[in-house]
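Asker: here's a sequence, model it:
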Amino acid sequence: MSKAKAKLNGNIIILPLHYSQGGIRIADKNGNHFSSPTKTIRDKEYYVEWMITNNEIKLLSKLFQKKNIGNLIKFLQKIIKFAEDSEYSRRTTSSSEKEIAEFEGFKIYRYVDVFNSFEKVLSSKLKVRLTFKLGDYGVTSHPHMYVLVPFDFKSLKIKNKEGNIKENELLGSGCFGELNLSEEELKEIILTLAHASNNHRNDLIKVLEY
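Answerer: Numbering: from 1, shown residues only. I've put the predicted structure just below:
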């Protein structure tokens with residue numbers, strides 16, 4: 001299981017940034033990741049790419065006042081349009097039968113994996129991305145949910161073992177983010193994620209209810 005998961009320290013969300021693989025990684029504006037996060041320079045154009053899970057949503061629900069959880073669930077129950085039902089959620093492989101080379105009697109053809117990304121910039125300037133990926137057996141696609149936090153987001157602090165990291169400094173050993181989100185910002189994230197699929201919306205309701 002990946003260690004790159006969000007944790008809570010009081011009302012502060014801790015996002016580990018020193019893993020090159022896993023649920024939380026550093027990405028540039030084109031979605032490219034860094035093989036050595038600790039040797040990466042802090043740049044305001046970069047993002048924390050957080051592939052958020054339902055378990056993490058459950059954790060974040062502790063940041064809501066109990067009375068507001070019920071209202072959030074009511075909003076979730078009203079969502080009836082889902083990205084999964086759209087024609088744009090289908091992931092396909094296309095080929096124009098273009099032969100590009102030969103190898104030991106094999107003809108080599110280039111195939112292209114075609115997929116769409118559903119992206120929404122929230123009022124807070126956070127971004128939510130829904131990307132449909134094929135399952136283990138490559139039969140049906142299912143949504144992966146991401147929250148993208150800009151490095152220059154107002155309530156994000158980038159730190160390492162030595163303290164705060166300034167612009168153009170190396171992220172360094174043990175780098176991590178400290179993120180402080182309001183209830184309204186969390187609500188907007190959860191409602192946006194719920195548009196992934198009917199099943200995901202229902203799962204979100206379940207984790208918030210218990």
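
Asker: state the number of residues packed around the closest residue to L122 other than its chain neighbours.
Answerer: Spatial nearest neighbour of L122, chain neighbours left out: E188 (5.0 Å); criterion: Cβ to Cβ, 6 or more residues apart in numbering. Yep, even glycine has a C-beta here, placed from its N, CA and C like the rest. Neighbour count of E188, defined by other Cβ atoms under 10 Å: 18.

Asker: and I52, by the same measure?
Answerer: Using other Cβ under 10 Å, I52 has 20 other residues around it.

Asker: equivalent analysis for R129, please.
Answerer: R129 has 17 neighbouring residues, counting by other Cβ under 10 Å.

Asker: quick one: it is in a strand?
Answerer: Yes: under DSSP: H, G, I helix; E, B strand; the rest coil, R129 falls within a strand.

Asker: bridging residues for it?
Answerer: Judged by DSSP bridges, the bridge partners of R129 are E119, Y146.

Asker: residues in contact with the residue positioned nearest the centre of the chain?
Answerer: The chain has Y146 as the residue nearest its centroid, 1.8 Å off, counting by Cα atoms, centre = their mean. By Cβ atoms under 8 Å, 6 or more residues apart in numbering, the residues touching Y146 are 49-52, 128-131.

Asker: by neighbours, which of those residues wins?
Answerer: Neighbour counts for the contacts of Y146 (other Cβ under 10 Å) peak at W50, which has 25 neighbours.
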